[in-house]
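**Q** next comes the sequence, and after it the predicted model I'd like to discuss.
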Amino acid sequence: MPNLQSYENTIKNFSWAMVEKELQYKPGDSINIGSYCSDRICQMGKGKKIALLWEGFGEGEKKFTFNDIRLGSNTFGAFLRNLGIQAEDRICLFMDRIPELYISFLGILKIGAIAQPLFSAFGEEALRVRLEDAQTVCILTQYKHLHKLRAILDQIPHLKHIIVLDHDGKKPLKAKEIPFSMEKATAVENLEIFPTKAESSSILHYTSGTTGKPKGAKHVHYSLISQYLTAKWVLDFQEDDIYWCTADPGWVTGTSYGIIGPWSQGITQCVLNAGFSADSWYKFIQKNKVSVWYSSPTAIRSLMKAGIELSKKYDFSSLRHLASVGEPLNPEAVVWAEKVFGKPFHDTYWQTETGSIMITNFPCMKIKPGSMGKPFPGITVALLDLKTYEPILEPGKSGLIAFKPDWPARMRTYWNNEETFKGKFKNGWYLSGDRATMDSDGYFWFLGRNDDIINTAGHLVSPFEIESTLLEHEAVAESAVVSKPDEINMEVVKAFITLKPGYQPSKDLELQIMNFMRKKLSPLAMPQEVEYMDCLPKTRSGKIMRRVLRAKEWGEVIGDTSTLDEEN
Ligand code: WTA
């Protein structure tokens, strides 16, 4: 029996207060995600239950019980507090998916500090911009990533401590670098939990904006209420589940549902710290007897590409429930999964800003392949007219997906950027920036984004950030970045550039530019192709028209070009 048995009955008298009660939280009490995900689970008698089954690429396996997680996070919390870290200080997590990432995350929250997870694949510039914006005071990292920090250290004077989690005791360390080993440190049995309240800051997740620098969506401890219940009803956790969320905690899915969702319910989860290969993923599912699996359309398409023959070599009988997030889930992927795993993928739609799943296919509901499903109980969604921002009432008409900003996990602001945050609201609705339609049964169908942001393999990439980096190269005069279609990643990044006088287009120069970019950006944001142009299409006021270039890549009609400059 799924945890949510009737969608229709539940939405009628739903209230978030029900979840507060289940979690024994009363408004005005302290609520601390770090403590709820570890101490509380141990108090419930599950201290000996496995919390984390970890496997690294060529690094073997490790197991942690909920009591290990409790002690480990205490130990991190005490260590950071001794360094002088205060509540609300921003602490960046910059490491691969090692156990310390998951455990220190809880430790940071336990002392009331703000966790700022960033992908360890980020290059110097991507890292610098985000550390600078958050005025981060401390960063936890691995030795292999230190060089990126050393390169930008003089530009981030607010950073006081660099904690190296895997120092061998021999390699030279530089200013501000402090070695700390979770495994060797004396475990701290009792840590005073900072009495965070519902509205105390918890996590800063950076996401790409259409213009300007990346924005840090600020979340609060009360988000637990949404994350706990969505995990229970959408991921449908049962006591003996082995759960696998394939997302990195540098991304919101990796924290909301790769840490908080499962651990707040005392669910065992497994982590594979390795790149993608169909073979190793199948092996991992079989070996760990994964029962609930949360992944992404790009991963599913990559598995489809590896062929059905490979999948036949493995036993997937442990799988009970599959879900997907991040990009449109093609109907073929839903159908393919039924063939290979005997179960369909359930699409889930949400954002960094929403903090928790908003529209989804519930296990108790009929799936319409290609549809995102229905709103989560307690979520008020509307499709708004693009010009008036008034709700469109007729089914089948496209509109902007918008939400009444009243669910627990919504972001509270963009760090340092209240103005952009306010700009996300119209007529009392939070605007997602996506377009969809709703059918007469109340199912939502994703149409596309309403801005220039590129969604490559589920990762949002800002054309602006890439264009700015391109302009830093000495040969580049102008740049425009758009998406182009791709079989696996759905969209990939393509850059158009014009050159400064004295530079000639060549393959060599392209390579040089790519290498320059690679150092600064994340591999996810790297252009797959650079095309030289004599001039870029612009409006009469001189604004580069990305949509003309994008239409060309997607083979679409260009549309109204009346504002194009004559020269184009
Ligand atoms: C897109 C990810 C179609 C969408 C948790 C959204 C989706 C953005 C889906 C948020 C889906 C997410 N179908 N598109 N099921 N889920 N998206 O902030 O454009 O990294 O606004 O958070 O991804 O991406 P973000």
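**A** Arrived safely, thanks for sending.
**Q** what's the helix or strand for residue 318?
**A** Assigned by DSSP states H and E, residue 318 belongs to no helix or strand.
**Q** the residue of the chain found nearest the ligand: neighbouring residues, count only.
**A** The chain approaches the ligand most closely through residue 352 (3.4 Å), counting by C-beta to the nearest ligand atom. (Glycine included, C-beta is placed from N, CA and C.) Using other C-beta atoms under 10 Å, residue 352 has 21 neighbouring residues.
**Q** so it, which state does it fall into?
**A** coil (DSSP: H, G, I helix; E, B strand; the rest coil).
**Q** pretty sure residue 35 is touching residue 110, no?
**A** Yes. Judged on C-beta atoms under 8 Å, residue 35 makes contact with residue 110 at a distance of 5.9 Å.
**Q** with neighbour numbers in mind, choose between the two.
**A** Using other C-beta under 10 Å, the more surrounded residue of residue 35 and residue 110 is residue 110, with 28 against 24.
**Q** which element, helix or strand, includes the closest residue to the more buried one other than its chain neighbours?
**A** Leaving aside its sequence neighbours, residue 110 sits nearest to residue 34 (C-beta to C-beta, 6 or more residues apart in numbering; 3.7 Å). With secondary structure defined by DSSP H and E, residue 34 is part of helix 33-36.
**Q** which other helices and strands contact that helix?
**A** Counting contacts by 3 or more C-beta pairs under 8 Å, 6 or more residues apart in numbering; DSSP states H and E, helix 33-36 packs against helix 99-110, helix 223-234.
**Q** 7 Å instead?
**A** On a contact count with 3 or more C-beta pairs under 7 Å, 6 or more residues apart in numbering; DSSP states H and E, helix 33-36 meets helix 99-110.
**Q** can you tell me which helices and strands the helix it packs on packs against?
**A** Packed next to helix 99-110, using 3+ C-beta pairs under 7 Å, 6+ apart, are helix 33-36, strand 50-56, helix 66-82, strand 90-94, strand 114-117.
**Q** of those, which is nearest residue 246?
**A** strand 50-56 (12.8 Å; C-beta to C-beta).
**Q** give me the distance between the closest one and the centre of its chain.
**A** Its chain's average C-alpha position is 20 Å from that of strand 50-56, according to C-alpha atoms, centre = their mean, to the nearest Å.
**Q** how about stretch 282-297: buried residues?
**A** 282, 284-286, 288-297 (16 or more other C-beta atoms under 10 Å).
**Q** so for it, what's the average pLDDT?
**A** On average, the pLDDT along stretch 282-297 is 97.
**Q** please see if that stretch touches the ligand.
**A** No. Residues of stretch 282-297 are not located near the ligand by C-beta under 6 Å from any ligand atom, the shortest gap being 7.7 Å.
**Q** next, residue 499: phi, psi?
**A** phi -100, psi 160 (degrees, to the nearest 10).
**Q** beta partners of it?
**A** Applying DSSP bridges to residue 499 yields these beta-bridge partners: residue 476.
**Q** go ahead and confirm it touches residue 475.
**A** Yes. Using C-beta atoms under 7 Å as the test, residue 499 is close enough to residue 475 to be in contact (5.5 Å).
**Q** what residues does this structure have near the ligand?
**A** So the chain meets the ligand at 207, 251-253, 325-329, 347-352, 372, 432-434, 446, 449, 455, 460 (C-beta under 6 Å from any ligand atom).
**Q** ok, of these, which come out buried?
**A** Buried among the residues of the chain next to the ligand (16+ other C-beta under 10 Å): 207, 251-253, 325-329, 347-352, 372, 432-434, 446, 449, 455, 460.
**Q** return the subset of these lying in strands.
**A** 207, 325, 347, 348, 349, 432, 433, 434, 446, 449, 455, 460 (DSSP state E).
**Q** which non-adjacent residue is nearest the third one?
**A** Going back to what we said before, that points to residue 347. residue 329 (4.3 Å).
**Q** same thing with the first one?
**A** Spatial nearest neighbour of residue 207, excluding adjacent residues (C-beta to C-beta, 6+ apart): residue 352 at 4.2 Å.
**Q** quick one: the buried residues of stretch 282-297 as TSV, columns for secondary structure too.
**A** Listed next are the buried residues of stretch 282-297 as TSV, based on three-state DSSP:
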residue	secondary structure
282	helix
284	helix
285	helix
286	helix
288	helix
289	coil
290	coil
291	coil
292	strand
293	strand
294	strand
295	strand
296	coil
297	helix
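**Q** list the buried residues in stretch 130-144.
**A** Neighbour-count burial for stretch 130-144 flags 130, 131, 132, 133, 134, 136, 137, 138, 139, 140, 141, 142 (criterion: 16+ other C-beta under 10 Å).
**Q** confirm residue 178 sits in a strand?
**A** Yes. Assigned with three-state DSSP, residue 178 falls within a strand.
**Q** what's the spacing between it and residue 81?
**A** Residue 178 sits 14 Å away from residue 81, taking C-beta to C-beta, to the nearest Å as the criterion.
**Q** go on, residue 308?
**A** Counting by C-beta to C-beta, the gap from residue 308 to residue 81 is 53 Å.
**Q** between these two, which one's more packed in?
**A** Counted by other C-beta under 10 Å, residue 308 and residue 81 do not tie: residue 81 has more neighbours, with 20 against 11.
**Q** in this structure, which residue is closest to the centre?
**A** What sits nearest the mean C-alpha location of the chain, by C-alpha atoms, centre = their mean, is residue 251, with 2.3 Å.
**Q** mind checking pLDDT for that one?
**A** So residue 251 comes in at 94 (pLDDT).
**Q** cool, residue 93 as well?
**A** Residue 93 is given a pLDDT of 98.
**Q** who are the contact partners of it?
**A** Residues near residue 93 by C-beta atoms under 7 Å, 6 or more residues apart in numbering: 101, 104, 105, 115, 116, 117, 118, 140.
**Q** can you pull the contacts of the fourth one?
**A** I take that to be residue 115. Counted by C-beta under 7 Å, 6+ apart, residue 115 has contacts 91, 93, 105, 108, 109, 202, 203.
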